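# would you be able to build a 3D model of this:
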Amino acid sequence: MNPENHYRNRLPALFVPHGAPTFALDPGEAGAALAGFARELVRPKAVLVISAHWDTELPTFSAACRPETIHDFYGFPQQLYTIRYPVCGAVGWAMEARTLLEEAGFSVVLDPQRGLDHGAWIPLRVMYPDASVPVVAMSVQSRLGPRHHYRLGQSLAPLRDAGVLIVASGNLTHNLGHFGAGSRRGAVSLDYVPAFQQWWRQRIEAGDIESLLDYRAKAPGAVEAHPTEEHLLPFFVALGAGGKQFAPQVVYSGIEYDILVMDSYAFWPEGQGHATARKSSRMPHRKELQ
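Sure thing, here's the model as predicted:
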């Protein structure tokens, strides 16, 4: 990435994949693209990470001074369970985020005990392996849908302008019931995976926010791509934080395990975007997902 000069002191809002837990051990090309992108960004004062794996009734921010590393998965190599991401919390920024949402009419909770689940620490460990950037985690509300999360992102946009990197962590497709379907006799077609991926990119590049918000009715294979919505909802926070005149950048594009779209997008607040992408057909050997 080589942003224009007027981007160099600004931050985008990001949507990133966290993939399978083994992404922490074998980040591959998707991880290399994220790490390279982070190196070229202006260093943020803090990160606000929205994780698909923290689902609450009300928007909730972590307010722990030293958030623990949560290993919320099972059946994976023991090495994964020894990983720690010893980052500092950013309590002041959590309070600022709460204020912004309350001013926008939301009811908000601060959780002084919450650590970082794998949807949060895995991509952040790839981007900032030295754990030197303070982190606030934010939950999703899976029952409230895309428009609610888009409004959250709009309300949190001032954090981006203040030097906080908004990182929305999920996956562009997430149907673990179809894992391995391509290799099973008589299994369902996985054609919806690239169709959904391509439709999503086209709508982003067209700036078609309304179609993205109504993806459930308009996108090919929407229900197959997301039987439940929690892994896509962080995307809408990033989209909202990017602003209505966002300039998109494809940080990475690829599919793993036949079903898991690993695309990553940056939403710059305005101006000329960067549409180049690094593509991969790489298939990690691990055959388990969480």
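# select the longest helix from the protein.
Looking across the chain with DSSP state H, the single longest helix is helix 145-161.
# in its sheet, what does the next helix or strand after that helix sit against?
Proceeding C-terminally, helix 145-161 gives way to strand 164-170 as the next helix or strand, assigned by DSSP states H and E. For strand 164-170, the paired strands and their directions (DSSP bridges) read strand 13-17 (parallel), strand 46-55 (parallel).
# how far out from the middle of the chain is the longest one?
Put plainly, it is strand 46-55. Strand 46-55 has its C-alpha centroid displaced from the chain centroid by 8 Å (Cα atoms, centre = their mean, to the nearest Å).
# quick one: buried residues of it?
Of the residues in strand 46-55, those buried under the neighbour-count criterion (16 or more other Cβ atoms under 10 Å) are Ala46, Val47, Leu48, Val49, Ile50, Ser51, Ala52, His53, Trp54. No exception for glycine: its C-beta is placed from N, CA and C like everyone else's.
# before we move on, what about stretch 90-110?
Buried residues in stretch 90-110, defined by neighbour count with 16+ other Cβ under 10 Å: Ala90, Val91, Trp93, Ala94, Glu96, Ala97, Arg98, Leu100, Leu101, Phe106, Val108, Leu110.
# would you agree the third one falls within a helix?
Yes. Using DSSP: H, G, I helix; E, B strand; the rest coil, the secondary structure at Trp93 is a helix.
# distance-wise, check it relative to Gly163.
10 Å (Cβ to Cβ, to the nearest Å).
# identify the contacts common to those two.
Lys45, Ala46 (Cβ atoms under 8 Å, 6 or more residues apart in numbering).
# export the strands paired with strand 164-170 to a markdown table and append columns for mean pLDDT and distance to Phe196.
Putting the strands paired with strand 164-170 into a markdown table (pLDDT from 0 to 100; distance: least, Cβ to Cβ, whole Å) gives the following:
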| stretch | mean pLDDT | distance to Phe196 |
| --- | --- | --- |
| strand 13-17 | 97 | 14 |
| strand 46-55 | 96 | 17 |
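# on that earlier part again, who touches the longest helix of the chain?
10-13, 48, 59, 93, 96-97, 100-101, 103-104, 106, 140-141, 166, 168, 209, 212-215, 229, 232-243, 269.
# and those, which of them are buried?
The neighbour-count test (16+ other Cβ under 10 Å) applied to the contacts of helix 145-161 identifies 10-13, 48, 59, 93, 96-97, 100-101, 106, 140-141, 166, 168, 209, 212-213, 215, 229, 232-243, 269 as buried.
# ends of stretch 218-228, what's the gap?
Here the two ends of stretch 218-228 are set 16 Å apart, with distance taken as Cα to Cα, to the nearest Å.
# related to what we said a few turns ago, and of the strands paired with strand 164-170, who's closest to Pro248?
Distances from Pro248 to each of the strands paired with strand 164-170 were compared using Cβ to Cβ; the shortest belongs to strand 13-17, at 10.0 Å.
# after that closest one, which helix or strand is next?
Next in sequence after strand 13-17, counting helices and strands by DSSP H and E, comes helix 28-40.
# that following helix packs against which elements?
Other helices and strands packing on helix 28-40, by 3 or more Cβ pairs under 8 Å, 6 or more residues apart in numbering; DSSP states H and E, are helix 118-127, strand 247-256, strand 264-268, strand 279-280.
# counting neighbours, which bits of that helix end up buried?
Using 16+ other Cβ under 10 Å, the residues of helix 28-40 that count as buried are Gly28, Glu29, Ala30, Gly31, Ala33, Leu34, Phe37, Ala38.
# for that helix, the distance to its chain's centre please.
Between the mean C-alpha location of helix 28-40 and the chain-wide mean there is a distance of 14 Å, by Cα atoms, centre = their mean.
# same check, this time on stretch 31-42
With Cα atoms, centre = their mean as the basis, stretch 31-42 stands 14 Å off its chain's centre.
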